[in-house]
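Asker: have a look; sequence and predicted model below, questions after that.
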Amino acid sequence: MSKFNFPQIRNIKIRNFSLYKKEDKIVNIDEKVKPGIFCLAGANGLGKSTFQNIINYALTGLVLAPGKNFLSPDKIKGNTNFTNTYFEGRIKAEEKKIAEVELLFTINNRYYRVVRGFFEEDTIRELEIYELSKNKKISLPIKDNGSPEYLGKKYQEEITNDIGIMKYEYYVFLQLYVFTFDEDRRLLFWDYRALSNALSISFSNNLDDAEALINIMGKIEKFESDARNQRWQAKQIYDEIKKLTANHKKPSNKEKRNYLEICEKYDETQITLDNLSIEYDNLLNSRNCLHSDILTLETKYKEYFSDYSEPKSKLLNSTFVQMMVKNEECLICGAKGKYILEKINKNIYKNFCPLCDTSITNEDSKSKNILLEKIKKIDNQISEKRKKLNSIINEIEEKELLIKKTDIEFKKYQQQKNKIERDYPHFLENGSNNSAYVSKLEEQYRAFDEKSKESYKRRDSLQTKFNSLERKIKKAYSEGEMVFVPIFKELAKSFIGYDLDIKFVSKNRKISLVLDLDSSARTESHKLSESQRFFLDIALRMSLAIYLSSPGIESTIFIDTPEGALDIAYETRVGKMFAYFINSYSQNIIMTANINSSQLLTSLAKSIKSDKMVIRRMLDWIDLSIVQREEEKLFKKYFDNVESLLRRKNEK
């Protein structure tokens, strides 16, 4: 079995990412990642899961769609569409072009510096690959001014070669489906398609055999799916034939006449209902037009009335007059009081100016009379249209009642018609041509039946090749289980507290692992508690990571910790399992953790080796919600407690 050289994260930079904002200012993240555990800790909803997805995106160019069925390695790019939408909402429109992630990681002694934009499919903005010799950087030649598309392809070629894996898609599959336990809680143990592909890659002495087996399992699954669908179609047609040929009941002449009368009434009421709907729509249109006409006339009325009353308006709207009214004070003589206000109001509504006696209403009486006639005319038009509008509104209400009544009648005839058609389906649906209709159905049945048999035949034709490859995988597993199984048992026991086992099983053209707990095969996830199935699944991923890693070039597991699923009894044990993964096998974890009363981080801090754990407070990147700010002291207290444990260990 070949060992792989997996990437080891050294530094992560996230620039102009709108989600990470503190005091209304975007925080540009620059985090060094040391060997061991990097734990991003914070309250719910701050973007911890997003941080992990950003790193995986930087590595693979993909973000897995939640709840999506497993995709084989060769079809994993089906996540591209989701990737394109994942960062929508997390990055504002104005930051889309400048937002980017820069990841520095090593594979063996080679450094990769990768810069990706978040909305640029299959491309890389910057790519640098180099080695350090005596503190001198020796860069891999990369085409000058290479396009983002070229850099994307170059990255895939180089990382595939350096990891030592056959295809880039196999690395992406391992990274996203095996080495990542994300917020979607995919369970590798109980997803036979995911596990079959993981085992094929992990336990093949020749990756050509792994690829062949993955392809054959994919074809077998497709042929089985086709066959099942075709059998289902055949069964539906068969049931229809059976129903038609089994029901020989015929309606009486009276029932036939009744059916025809009902059909006639059904058709009539349907036509009436359609006509009423047309009339109703026409009334609504007329009502809307009248509303528009009245609004136009009222606007014109206001214009004419404003012109007609303009001199008076000038007096009433005078700044000085308004000030006198407001202050109850004459600005000419300085007199004040309620009595003065009454005098002012009385004088300003006379037909002449209270200061200079200039006439206000009689000036240009001819123009005034013309305006007044226009006002009266428009007033009459508005009155007429309002009468017409009220009449139409009444008609609309009557039409609505009539439509409801007709609809009730229509549904009554529809129900009667449907009942008779259910009672005599073959006679009424197909009439005298019933036998021809049945013959047509029988022809369709035979066609689907033959297609189903052919799909099963094509599936079975792959059996010999599958058996040959399955034996090779099984033999390779037998050789590797002396190493792999003890690793899993140690990790699992550190969590669950007692011995359990896993067994390689090949059945129904599928290969998988079965968990044996207390001499009972747990073939389905519901046979374990939520905390047991989540963290035993993480133990399986850790075991595969250890088994597949080249010595000195250890893997990194990504864990979005499902703390809400933890039983109180298991909180401390999870911390010990994570620490065992780091302390005993020098592997790496990038994990998230909620700030709550869980003992996980406390247990981890107590169990981990010195200098092997960094806990990062999300409070440095993002503001708490209003509710969370009320408990900020508790968050700080929890952080301080965990960091104090780590400091004391480092001081020893």
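Answerer: Structure received.
Asker: which elements pack onto the one helix or strand residue 263 maps to?
Answerer: Using DSSP states H and E, residue 263 maps to helix 253-308. If you count contacts as 3 or more Cβ pairs under 8 Å, 6 or more residues apart in numbering; DSSP states H and E, helix 253-308 packs onto helix 365-423. In short, each C-beta sits where N, CA and C put it, glycine included.
Asker: residue 554 touches residue 584, doesn't it?
Answerer: No. Assessed by Cβ atoms under 8 Å, residue 554 is found out of contact with residue 584, at 11.5 Å.
Asker: the more surrounded of the two?
Answerer: Neighbour tally, residue 554 and residue 584, criterion other Cβ atoms under 10 Å: the higher count belongs to residue 554, 19 against 14.
Asker: give me the nearest residue to the more buried one, chain neighbours excluded.
Answerer: Leaving aside its chain neighbours, residue 554 sits nearest to residue 587 (4.8 Å; criterion: Cβ to Cβ, 6 or more residues apart in numbering).
Asker: the one you found contacts residue 581, doesn't it?
Answerer: Yes. With contacts counted by Cβ under 8 Å, residue 587 reaches residue 581, the gap being 5.3 Å.
Asker: between these two, which contacts overlap?
Answerer: Common neighbours of residue 587 and residue 581, counting by Cβ atoms under 8 Å, 6 or more residues apart in numbering, are 542, 546, 557.
Asker: who's more crowded, residue 587 and residue 581?
Answerer: For residue 587 versus residue 581, the count of surrounding residues by other Cβ under 10 Å is larger for residue 581: 25 against 22.
Asker: same for the helix or strand hosting that one, what does it pack against?
Answerer: Assigned by DSSP H and E, residue 581 belongs to helix 568-585. Helices and strands touching helix 568-585, by 3+ Cβ pairs under 8 Å, 6+ apart, are helix 463-496, helix 530-548, strand 588-594, helix 600-607.
Asker: ok, which of these comes nearest residue 620?
Answerer: strand 588-594 (15.0 Å; Cβ to Cβ).
Asker: quick check: angle from that closest one to helix 568-585?
Answerer: 160 degrees (axes from the mean of the first three to the mean of the last three Cα atoms, to 10 degrees).
Asker: ok, strand 588-594: who's next to it in the sheet?
Answerer: strand 37-42 (parallel), strand 556-560 (parallel) (DSSP bridges).
Asker: export the ones you listed to CSV and tack on mean pLDDT, distance to residue 446 and mean neighbour count?
Answerer: What follows is those, written out as CSV (pLDDT from 0 to 100; distance: least, Cβ to Cβ, whole Å; neighbours: other Cβ atoms under 10 Å):
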stretch, mean pLDDT, distance to residue 446, mean neighbour count
strand 37-42, 87, 61, 23
strand 556-560, 92, 52, 23
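Asker: where does the prediction get shaky in the stretch 1-150 of the chain?
Answerer: Along the stretch 1-150 of the chain, the parts satisfying pLDDT under 70 run over 1-2, 68-74, 78.
Asker: can you show me the strands along it?
Answerer: Secondary structure of the stretch 1-150 of the chain (DSSP state E, counting those that start in this stretch): strands at 8-15, 21-22, 25-26, 29-32, 37-42, 100-107, 110-117, 126-133, 136-139.
Asker: distance to residue 465 added to those, as JSON lines?
Answerer: JSON lines is the format used below for the strands of the stretch 1-150 of the chain (distance: least, Cβ to Cβ, whole Å):
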{"stretch": "strand 8-15", "distance to residue 465": "38"}
{"stretch": "strand 21-22", "distance to residue 465": "56"}
{"stretch": "strand 25-26", "distance to residue 465": "55"}
{"stretch": "strand 29-32", "distance to residue 465": "48"}
{"stretch": "strand 37-42", "distance to residue 465": "44"}
{"stretch": "strand 100-107", "distance to residue 465": "34"}
{"stretch": "strand 110-117", "distance to residue 465": "38"}
{"stretch": "strand 126-133", "distance to residue 465": "39"}
{"stretch": "strand 136-139", "distance to residue 465": "45"}
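Asker: any idea which of these gets closest to residue 491?
Answerer: Using Cβ to Cβ, the strands of the stretch 1-150 of the chain put strand 37-42 closest to residue 491, at 15.1 Å.
Asker: what's the offset of that closest one from the middle of its chain?
Answerer: Computed by Cα atoms, centre = their mean, to the nearest Å, the chain-centroid distance of strand 37-42 equals 24 Å.
Asker: same question, stretch 544-556
Answerer: 32 Å.
Asker: contacts only, for residue 500.
Answerer: Contacts of residue 500 (Cβ under 8 Å, 6+ apart): 489, 492-493, 515-518, 536.
Asker: so, low pLDDT: which residues of the stretch 501-650 of the chain?
Answerer: Where the stretch 501-650 of the chain drops into low confidence, which here means pLDDT under 70, it does so at 518-520, 523, 525, 563-569, 595-598, 624-639, 641-643, 645-650.
Asker: go with 50
Answerer: Low-confidence segments of the stretch 501-650 of the chain, defined by pLDDT under 50, span residues 597.
Asker: of the strands of the stretch 1-150 of the chain, which is nearest residue 440?
Answerer: strand 110-117 (57.0 Å).
Asker: counting contacts, what elements does the closest one pack onto?
Answerer: Contacts defined by 3+ Cβ pairs under 8 Å, 6+ apart place strand 110-117 against helix 48-60, strand 100-107, strand 126-133, helix 148-163.
Asker: and the contacts of it?
Answerer: So strand 110-117 is contacted by 7, 10, 57-59, 61, 97, 99-106, 123-132, 140, 155, 158-159, 162 (Cβ under 8 Å, 6+ apart).
Asker: try it again with 6 Å
Answerer: 58, 100-105, 124-131, 162 (Cβ atoms under 6 Å, 6 or more residues apart in numbering).
Asker: in those residues, find the pair that's most separated.
Answerer: 100 and 131 (24.8 Å).
Asker: compare the two (neighbour count), which wins?
Answerer: Of the pair residue 100 and residue 131, residue 100 is the one with more neighbours under other Cβ under 10 Å, namely 19 against 14.
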